[in-house]
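# Give me coordinates for this.
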Amino acid sequence: MKVTYIADSTFLFEHRGVRLLTDPWIGSTIYGGAWVQYPPPALKASEIGRLDYIFISHIHEDHCDPATIAELDRGATVLLMDRTPDFVEGFLRRHGFGFRSIRKIPTFTQLPIGDGLVAETVEADPEHRLNWMIDSALLLHADGRSIYFANDNPPYPRCVSRLKELDLALALLPASGGSGYPACFASLSDAEQAAERERIVRMYFDIFADAVADTLPERFMACAGNHVLSGRHAGLNRMMTFLASPAGAYRHVRDRLPESARATTLPLDLEEGQSWDMPAKREARADAAAVWAEAMDDRGRTEARTAFIQGPAQAQPYAHDGIVVPPGTDWVALFRTGAEAMLGRVSAAASPVASRSAIRLPGPGERWGVADAMSGEVTVLDGAKPAEPYLAIETDAPLLWQLLTGKFSWNIADAAAFLTYHRVPNVYDQHAVIALNYLRQPPRGPAAPAPGLGIQP
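Numbers count the residues shown, from 1 in each chain. Alright, predicted model coming up:
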């Protein structure tokens, strides 16, 4: 099997004439102008050519970009993990993307897709509720060997057990994450932000290294992190937990990997546009030390990335800058309707939200709309934030109008660094983050789309 790295989480797998593309995002700017790929792809989406299959793990635009998908071969069959509700299938239908067919693969179930080629889907960790609700991973089996495409999903115990059953030739694993924490949290000092960023980066590196040590693939690669914040918030990249360079992740793995494994488990440091051919069998590499040394060498990539952020990345405009809020918008009524819908959803799901969500409403003075999931009450406060614990959020009026009317996802706005937070105490409430997606006008009719869901570590 030939593996070509396109960009970020987009890979092209080719085996005996079958061509499969994963998680299409190639060259466009996503999340309302907030994310751009760096390094840039070597190919355009229109240059990918014939495809037999497209696997899409989930609906976040860095894995499922409409501008990229519009350029892809419509003769392809889309492969999805079988789930209910299926956000990706709904996304494709809403955008009118008519492909040859959609095939759904139950989790940990194999589907033959070509001569000696089999696809198998893997659900995200059930213990991580946000990931489990929307995300998936892919296993490709060919000629007795396997490739694991994890995208945003680190392996968990059941997944690790499955991987250990296989002759794992390549593991494509996440080594970073992307949310507004800690960069967008005004309740943290600069020193606290820096310390939290370091903690989270090390946490992701530990997870990455543990995944390699637990499964011992022949080759492994850090992916799903080659992008930066763009536009006027580009300066926040210094506190974001994106992967600045894979070299640090590879050094971390080597330090934690048993010495006996370093000759048979090696990093695969592909650059955009480069390919790797899966060997017929695993062998110890005589040049293993040289492979490690090259992968752990930054080779000026961090410096080049910084120059890109300080230059071209900052020129990108945001989509919501062009939105005109309807004159006479009643922000209190708009917030109240959305907050009541959110609290109704929380109550119906018996979700254990343990904080209050407060949104700063546009207008003169300081005014906060508060959705208290613990008491079930909606209030508006003048000049003060709510009682602790709370998660208070500020953003631009045009974007807030989009969020409250359901035209943009709260968690995507988080990943885009469009939101400024005050979190007291500084404790992550996963249930509150999930609930926030429903702080919007209630959908109309049975076919109304569910909100997009995102991730904040």
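# What residues sit buried inside the longest helix belonging to the chain?
Criterion DSSP state H: the longest helix present in the chain is helix 190-215. For helix 190-215, the neighbour count (16 or more other CB atoms under 10 Å) marks 193, 196-197, 200-201, 204-205, 207-209, 211-212, 215 as buried. C-beta coordinates here come from the backbone N, C-alpha and C atoms, glycine included.
# farthest pair in the residues you listed?
Spatial extent of the buried residues of helix 190-215 (CB to CB) is set by the pair Gln193 and Thr215 at 33.3 Å.
# Kindly indicate which of the buried residues of helix 190-215 lies nearest Pro326.
The nearest member of the buried residues of helix 190-215 to Pro326, counting by CB to CB, is Gln193 at 36.1 Å.
# sorry, back to before: packing partners for the longest helix of the chain?
Counting contacts by 3 or more CB pairs under 8 Å, 6 or more residues apart in numbering; DSSP states H and E, helix 190-215 packs against helix 157-164, strand 168-174, strand 219-223, helix 246-256.
# Check the offset of it from the chain's centre.
Its chain's C-alpha centre and that of helix 190-215 lie 16 Å apart, by CA atoms, centre = their mean, to the nearest Å.
# now that helix and strand 168-174, what's the angle there?
170 degrees (axes from the mean of the first three to the mean of the last three CA atoms, to 10 degrees).
# the inter-axis angle of helix 190-215 versus helix 246-256?
Using the same axes, to 10 degrees: helix 190-215 against helix 246-256 is 60 degrees.
# Where does pLDDT dip in the stretch 251-400 of the chain?
Applying pLDDT under 70 to the stretch 251-400 of the chain flags no residue at all.
# What are the boundaries of the strands in it?
Listed in chain order, the strands of the stretch 251-400 of the chain (DSSP state E, counting those that start in this stretch) span 266-267, 275-277, 356-360, 367-372, 377-382, 390-394.
# what's the answer for the stretch 1-150 of the chain, then?
Remark: strands assigned in the stretch 1-150 of the chain by DSSP E, counting those that start in this stretch are 2-7, 10-15, 18-22, 35-37, 53-55, 77-81, 101-105, 110-114, 117-123, 136-142, 145-149.
# Just checking: what are the partner strands of the last one?
Strand 145-149 has these partner strands in its sheet, going by DSSP bridges: strand 136-142 (antiparallel), strand 168-174 (parallel).
# can you redo those as a markdown table with mean pLDDT and distance to Ser351?
Formatted as a markdown table, the strands paired with strand 145-149 follow (pLDDT from 0 to 100; distance: least, CB to CB, whole Å):
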| stretch | mean pLDDT | distance to Ser351 |
| --- | --- | --- |
| strand 136-142 | 98 | 23 |
| strand 168-174 | 98 | 26 |
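# bridging residues for the nearest residue to Thr107 once chain neighbours are set aside?
Nearest residue to Thr107, sequence neighbours excluded (CB to CB, 6 or more residues apart in numbering): Glu123, at 4.3 Å. Note on Glu123: beta-bridge partners by DSSP bridges are Ser136.
# The helix or strand hosting Leu404: how far from the chain's middle?
Using DSSP states H and E, Leu404 falls within helix 397-405. In terms of CA atoms, centre = their mean, the gap separating the centre of helix 397-405 from the centre of its chain is 22 Å.
# Does anything pack onto the helix or strand just after it? Which helices or strands?
Toward the C-terminus, helix 397-405 is succeeded by helix 410-415 as the next helix or strand (DSSP H and E). Secondary-structure packing of helix 410-415 (3+ CB pairs under 8 Å, 6+ apart): helix 397-405, helix 430-436.
# Lowest average pLDDT across those helices?
Lowest mean pLDDT within the helices and strands packed on helix 410-415: helix 430-436, a mean of 92.
# which outside residues touch that helix?
Around helix 430-436, the neighbours that count as contacts under CB atoms under 8 Å, 6 or more residues apart in numbering are 129-130, 133, 342, 345-346, 351-355, 357, 373, 391, 410-411, 414, 453-454, 456.
# Need the buried ones from those residues selected in PyMOL.
The PyMOL selection below is limited to those of the contacts of helix 430-436 classed as buried (16+ other CB under 10 Å):
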select buried, resi 130+133+342+345+346+351+353+355+357+373+391+410+411+414+453+454+456
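# State the mean pLDDT of the longest helix of the chain.
On average, helix 190-215 scores 97.
# do the same with stretch 151-166
Per-residue scores along stretch 151-166 average to 95.
# Which residues belonging to it are considered buried?
Neighbour-count burial for stretch 151-166 flags Asn151, Asp152, Asn153, Pro154, Pro155, Tyr156, Cys159, Arg162, Leu163, Leu166 (criterion: 16+ other CB under 10 Å).
# I figured the second one hits Pro174, correct?
Yes: taking contact to mean CB atoms under 8 Å, the distance of 5.5 Å between Asp152 and Pro174 places them in contact.
# who touches both of those two?
In contact with both Asp152 and Pro174: Ala224, using CB under 8 Å, 6+ apart.
# ok, which stretches of the stretch 251-400 of the chain are helices?
288-295, 301-310, 331-348, 397-405 (DSSP state H, counting those that start in this stretch).
# ok, residues contacting the longest one?
Defining contact as CB under 8 Å, 6+ apart, one finds that helix 331-348 is touched by 351, 353, 357, 359, 361-363, 369-373, 376, 378, 380, 401, 404-405, 431, 435-436, 438-442.
# got the CA coordinates for the helix holding Leu404 in CSV?
Provided in CSV are the C-alpha atoms of helix 397-405 (Å, rounded to 0.1, in the frame of the first residue of the first chain):
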residue,chain,number,x,y,z
ALA,A,397,-21.8,41.2,18.2
PRO,A,398,-22.1,39.8,14.7
LEU,A,399,-20.7,36.4,15.8
LEU,A,400,-22.9,36.4,18.9
TRP,A,401,-25.9,36.9,16.6
GLN,A,402,-24.8,33.9,14.5
LEU,A,403,-24.3,31.8,17.6
LEU,A,404,-27.7,32.6,19.2
THR,A,405,-29.5,32.1,15.9
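# re earlier: for the helices and strands packed on helix 190-215, give me JSON lines that also has distance to Leu111.
As requested, the helices and strands packed on helix 190-215 are arranged in JSON lines below (distance: least, CB to CB, whole Å):
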{"stretch": "helix 157-164", "distance to Leu111": "15"}
{"stretch": "strand 168-174", "distance to Leu111": "19"}
{"stretch": "strand 219-223", "distance to Leu111": "23"}
{"stretch": "helix 246-256", "distance to Leu111": "31"}
